[in-house]
Every structure is written in structure tokens, then in C-alpha cells.
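Student: Need the 3D shape of this:
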Amino acid sequence: MPHSFSPDWLKYLSDPFSVVGVSVLADDKRASKRYRSVAKILRPDISVNTDPETGEFIAQLFARFVNPSYEKIKQEKGRAETLALMRLQVRRWVKDGKLIPQTEVAQQLSRKSLQEADVFYEQAIANLAALQYEPLENFQSITQQINELNLVYLKLKMGGDNIFIGERRTGVINPQEGRTPPPAPSTANNGSQHDYADRHYRRAQEYMKKNAWSQAVLELKDALKMEPNKGEYHSLIGLAYWRQDLRGMAKSHFRRALQIDPNDQIASHFATLLDIQQSPPQNGSQPKPDSKKPEPQKSESQKSAPDQKGGLFGLFRRR
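Tutor: Residues are numbered from 1 along each chain as shown. Reported below is the predicted structural model:
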């Protein structure tokens, strides 16, 4: 086992997910759980047979690589920034013909369909992570394999070999990144933009059914970039933040949802809980009570939402 760090080791810091041993889809809880496991393994006092030189190497490995990597991915903002840089790296390597899988597991992943890739990728990461630090000699080779898996997975999600023709709008991909701002949209473009935003909204709903809150947030952020004045998008992302104990972010979006639509059911549910003062609608007029007021038409995204009594409203309860 090497007891010193070569300059090549610095490249691992560009992919903190691989150092910690988690997938690029990991949320706060998964990253924290894995970090605690690694910290327990790397404690120099766990083995009476650890010699001073090895103990110093372990301490440096933890301080110079594991800790900084975890700091980058322990919160959503850090993960988003890291993924943005990794996507840029994928683009550069694909353009230069450098992203060619070397390991068998990465080659297998590169041949999977989008539907098959998610399960295969997560399982492959879990299998490698189980061996990453035990024995310690595995760290360098397994971290390289996890890094390669991460890059190949991102490439698949970004469109594979067609990455520069048009990114596939799934999972961790930001559909707006790297694009030149278009001219004033036509009516047709507005319709297309609405369709894309609605797809992100629907995917967010599916993620939330699986308690994948951070992924739901990513989808809803993309939806809000396209349609920033959609009240239901703000209320749903508020719910996703609330389930991650990010009350400040949740409160901000619930407040915005109520500004757009004072009758939003999800945002109204949390208005009292989070002490949100409801502001008048954007046009400055107060809503007039009317017992005979006809039921408003629902948008396509609202029609597709689960029944709120047993669907999204069931998500209010913490598990």
C-alpha cells in the first residue's frame, strides 16, 4: 500500500462522489450515512496492528480527500455545483474522444438503455463501495472505477453519443445548461416550453412517491426555469424542501405559491404551520368570496397530480 500521495491523486477531488463512494444521485441522508461508515473504517485506532506510518497515511487520506469530498456533497447546493462541473468534464471528454470505458462494469453500463441504466448503476456503485476501503489497498483502484461509472452514467443521461445534438431531459441533467438564450419565444415555442416544464413536474411527482426528495427538487427547479410563475411548481418544491428539513427554502416557495394563487391547497396547508403571512394576489386585488364561484379549470399538470387526500397530501406526514 502506498504511504504517500502522488499528484495523480488530486484528480479524485474533481469527483467527490467517487471518493465518498456514493452515486451522483445520492441525497443528504445517503451521503451522510456513507461518510459515517467510511469514518468508522478509517479510524486509526480500530486495529491494534496499525503501524505509525499506516496510521499517518490513513489520517492524511481522511483529512485531505474524504473530508473535503464529503463537504462538497453533503448539501444539495454543493452537489448541484459539483454535478455541473462533472457534466462539463463529460462534454469535453466526449468531444475529445477521451471518455472510453476501460473497466468491464463501465463498459456494461455504457451498453444499457436509459431504463436499465439506473438500477445497474446504483447496484454497481454499492458493490464497489463495499470494497473501497477494506482493505485500504483497494481505495485507489476502486475509486477510479466509481469515477468512471459516474462519468459514463452522466454521459448516458446527457444523450450518450448524441450529447451535442440534444440532451435527454432525465434525472440529474440540467436542460438549460450550455445553451444560448433564444430570441423572444413564439406562441409555438411557448407551448413547447410548457410541455417540457410539465414533464419535469410529472417526474418530480414520481420521485416524491419514492421519497427521492433531492431529485424531485432538481426536476422542479428545471420546471421553474421554464415557467417561474407556476404556483403548483412552487408549492411542490416547497413540499420537497420541507421533507428535507429545509424550512427556509420551503417557506420561500410556499409564500411565492400563495402570491400566485391564494387558494393553492398545498401552500395553504403550510401557511399556518410555517407562519406564512399571505400576501394579496399579484394584480393587487383581494379575492372576493363567492359561494357560487365555478370551479377553476385545472392545468394539465394539476390534472395529472395524485389525489391530494391520499397522494401528495400523504407526503406531508414525516416517515
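Student: Could you say which helix or strand holds A250?
Tutor: Assigned by DSSP states H and E, A250 belongs to helix 247-260.
Student: where's the residue positioned nearest the centre of the chain relative to D222, distance?
Tutor: Central residue of the chain (C-alpha atoms, centre = their mean): Q215, 4.3 Å from the mean position. According to C-beta to C-beta, to the nearest Å, Q215 and D222 sit 11 Å apart. Yep, even glycine has a C-beta here, placed from its N, CA and C like the rest.
Student: Return the residues in contact with E81.
Tutor: Neighbouring residues of E81 by C-beta atoms under 8 Å, 6 or more residues apart in numbering: K72.
Student: So it versus E71, what's the distance?
Tutor: From E81 across to E71, the span is 12 Å (C-beta to C-beta).
Student: So for stretch 132-139, what gets flagged as buried?
Tutor: Applying a neighbour-count criterion of 16 or more other C-beta atoms under 10 Å, one finds 132-133, 136, 138-139 buried in stretch 132-139.
Student: cool, stretch 227-236 as well?
Tutor: Result for stretch 227-236 [16+ other C-beta under 10 Å]: buried residues 227, 230-236.
Student: Could I get the CA-only coordinates of that stretch as CSV?
Tutor: What follows is stretch 227-236 as a C-alpha-only set of coordinates in CSV (Å, rounded to 0.1, in the frame of the first residue of the first chain):
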residue,chain,number,x,y,z
GLU,A,227,-42.3,28.6,-16.0
PRO,A,228,-41.3,30.7,-13.0
ASN,A,229,-44.9,31.8,-12.3
LYS,A,230,-46.5,28.4,-11.9
GLY,A,231,-47.9,28.2,-8.4
GLU,A,232,-48.2,24.5,-8.3
TYR,A,233,-44.5,24.1,-9.1
HIS,A,234,-43.6,26.4,-6.2
SER,A,235,-45.8,24.6,-3.8
LEU,A,236,-44.5,21.2,-4.8
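Student: average pLDDT across it?
Tutor: For stretch 227-236, mean pLDDT rounds to 91.
Student: And it, how far out from the chain middle?
Tutor: 19 Å (C-alpha atoms, centre = their mean, to the nearest Å).
Student: Quick check: the residue nearest to the centre of the chain touching Y207?
Tutor: Yes: look at Q215 against Y207 with C-beta atoms under 8 Å: they come within range, at 4.5 Å.
Student: quick revisit: and the residue nearest to the centre of the chain, which helix or strand is it part of?
Tutor: helix 213-226.
Student: Following element in sequence after that helix, please.
Tutor: Assigned by DSSP H and E, the successor of helix 213-226 is helix 231-242.
Student: And that following helix, what does it pack against?
Tutor: Packing partners of helix 231-242 (3 or more C-beta pairs under 8 Å, 6 or more residues apart in numbering; DSSP states H and E): helix 187-209, helix 213-226, helix 247-260, helix 265-273, helix 300-304.
Student: looking at these, which is closest to D51?
Tutor: Nearest of the helices and strands packed on helix 231-242 to D51, taken as C-beta to C-beta: helix 213-226 at 40.9 Å.
Student: okay, the angle between the closest one and helix 247-260?
Tutor: 40 degrees (axes from the mean of the first three to the mean of the last three C-alpha atoms, to 10 degrees).
Student: Could you measure from the residue nearest to the centre of the chain over to V90?
Tutor: Counting by C-beta to C-beta - Q215 and V90 are separated by 19 Å.
Student: Same list as before, the helices and strands packed on helix 231-242 that is, but in TSV and with distance to R34 included.
Tutor: Shown next, in TSV, are those (distance: least, C-beta to C-beta, whole Å):
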stretch	distance to R34
helix 187-209	20
helix 213-226	15
helix 247-260	24
helix 265-273	31
helix 300-304	34
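Student: mean pLDDT for those helices: which is lowest?
Tutor: Looking across the helices and strands packed on helix 231-242, the weakest by mean pLDDT turns out to be helix 300-304, at a mean of 44.
Student: Would you point out the helix or strand in the chain whose mean pLDDT is lowest?
Tutor: helix 300-304 (a mean of 44; mean pLDDT, DSSP states H and E).
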